[in-house]
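*Asks:* Would you be able to build a 3D model of this:
(4 chains)
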Number of protein chains: 2
Amino acid sequence: MELAKTPEIKEPVYRWDEKAIKQIVRDMGLKVTQQRLTILECILRGRDHITAQELYEAVQAKDPNLGFATVYRFLKQLTEQEYVSEVRMGGLPARYEWARKKSHHDHLTCKQCGSICEFENQQIEDLQEAIAKSFGYILTSHVLELYGICPECQKEDGILPGTKNFS
Amino acid sequence: MELAKTPEIKEPVYRWDEKAIKQIVRDMGLKVTQQRLTILECILRGRDHITAQELYEAVQAKDPNLGFATVYRFLKQLTEQEYVSEVRMGGLPARYEWARKKSHHDHLTCKQCGSICEFENQQIEDLQEAIAKSFGYILTSHVLELYGICPECQKEDGILPGTKNFS
DNA sequence: TTATAATTGAGAACCATTATTATTTAGTTG
DNA sequence: CAACTAAATAATAATGGTTCTCAATTATAA
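*Replies:* The predicted model follows:
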């Protein structure tokens, strides 16, 4: 099967300065508190696919008094307003990523090492839309998570000839 | 977008008699216990997309001494050996269905009432395979869950003209 | 039949997440 | 700027699905 070429994603350079971050909170219709700014900073400047706990730890480094309930609460609001998207894999803790800096994408996760590849595929998106429509549904969201073994782990497993092996 | 026609699924008639059920447990490399037979019976004869708790209740009706730990334990083993497949939606309890009586399919869930439609689409399957391959992954499984508002709930919401309304 | 390793039931433990509540604070109004 | 009020917070308890522990029981192999 031939994959349709997806155009190169141009990653715009965002400046997440204090002002911009404050504006996000205001746009959400919430009060601008230091806690929310701290949390947002960590989300925007930290790495993607972070768990609530990881975020809490990152936030703790900046403000040891900031409680984890605040992190969860704000994270939920961000999710509801679709500023961040929530990815749940199996029964594992949810992972979050800032949803507005890149176009929509899905995930390909290695079952062994947990490494994540992102991809986007318009054909699949269109098919999903068509399927929902055929059932009379209004499609609001979807979860597409592919699981597999990454090239690195294939080597380690001896599925492919490789050098590394677990003892 | 045009949907490719998927051929009608011919549902073979399975006879889940005692003997067949016992054989499943043996095939799994497990001891044949009355508890496992009872649980399997409930899974095979009950309805699809059942939660562990619902299954526990069904099982309780047949054997009030059967503990929920046993249900969870066996359910996990069934999942690992892919006799049942586990569907997790958001943070909701996992739902299970017997995986070997029908061909693979995905789910379209109503966010409001939780009703589930099943669908299968070979084009999407193929695309997934192709994507994994393009990253060098061996695809082992996937989760595709579409979320939307079903026609019934659209009416209730007043999105579509309808008769029913919440007070 | 006996041995033994697997299985079970009961309940405790776990862990991510949510709710509660008394206290503090942001943003508004005078 | 000061006072007010609704929103937000920290701490902690509660929740709920799922997994673990362990002593007692049981299926299977010998």
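
*Asks:* so where's chain A uncertain?
*Replies:* In the predicted model, chain A carries pLDDT under 70 at residues A:1-15, A:101-102, A:112-114, A:156-167.

*Asks:* who in it is up against DNA strand C?
*Replies:* By Cβ under 7 Å from any atom of the strand, the part of chain A that sits against DNA strand C consists of A:26, A:31-34, A:51-53, A:68-69, A:72, A:76, A:93-94. Glycine gets a C-beta too; all of them are placed from N, C-alpha and C.

*Asks:* Go through stretch A:42-58 and flag the buried ones.
*Replies:* Using 16 or more other Cβ atoms under 10 Å in any protein chain shown as the test for burial, stretch A:42-58 gives A:42, A:43, A:50, A:52, A:54, A:55, A:56, A:58.

*Asks:* ok, those vs DNA strand D, which is closest?
*Replies:* residue A:56 (10.3 Å; Cβ to the nearest atom of the strand).

*Asks:* Would you mind confirming that that closest one makes contact with residue A:71?
*Replies:* Yes - with contact defined as Cβ atoms under 8 Å, residue A:56 reaches residue A:71; the gap is 4.7 Å.

*Asks:* The buried residues of stretch A:42-58 in helices, which ones?
*Replies:* Judged by DSSP state H, the subset of the buried residues of stretch A:42-58 located in helices is A:42, A:43, A:52, A:54, A:55, A:56, A:58.

*Asks:* Among the residues you listed, which one sits closest to residue B:84?
*Replies:* Set against residue B:84, the nearest of those by Cβ to Cβ is residue A:52 (29.3 Å).

*Asks:* Contact partners for that closest one?
*Replies:* A:68, A:71, A:72, A:75, A:93, A:94, A:96 (Cβ atoms under 8 Å, 6 or more residues apart in numbering or on different chains).

*Asks:* and DNA strand D, which of those contact it?
*Replies:* Counting by Cβ under 7 Å from any atom of the strand, residue A:68 from the contacts of residue A:52 sit close to DNA strand D.

*Asks:* any chance of the contacts of residue A:52 in a markdown table, with neighbour count and secondary structure too?
*Replies:* Shown next, in a markdown table, are the contacts of residue A:52 (neighbours: other Cβ atoms under 10 Å in any protein chain shown; DSSP: H, G, I helix; E, B strand; the rest coil):
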| residue | neighbour count | secondary structure |
| --- | --- | --- |
| A:68 | 14 | helix |
| A:71 | 23 | helix |
| A:72 | 14 | helix |
| A:75 | 22 | helix |
| A:93 | 11 | coil |
| A:94 | 15 | coil |
| A:96 | 22 | strand |
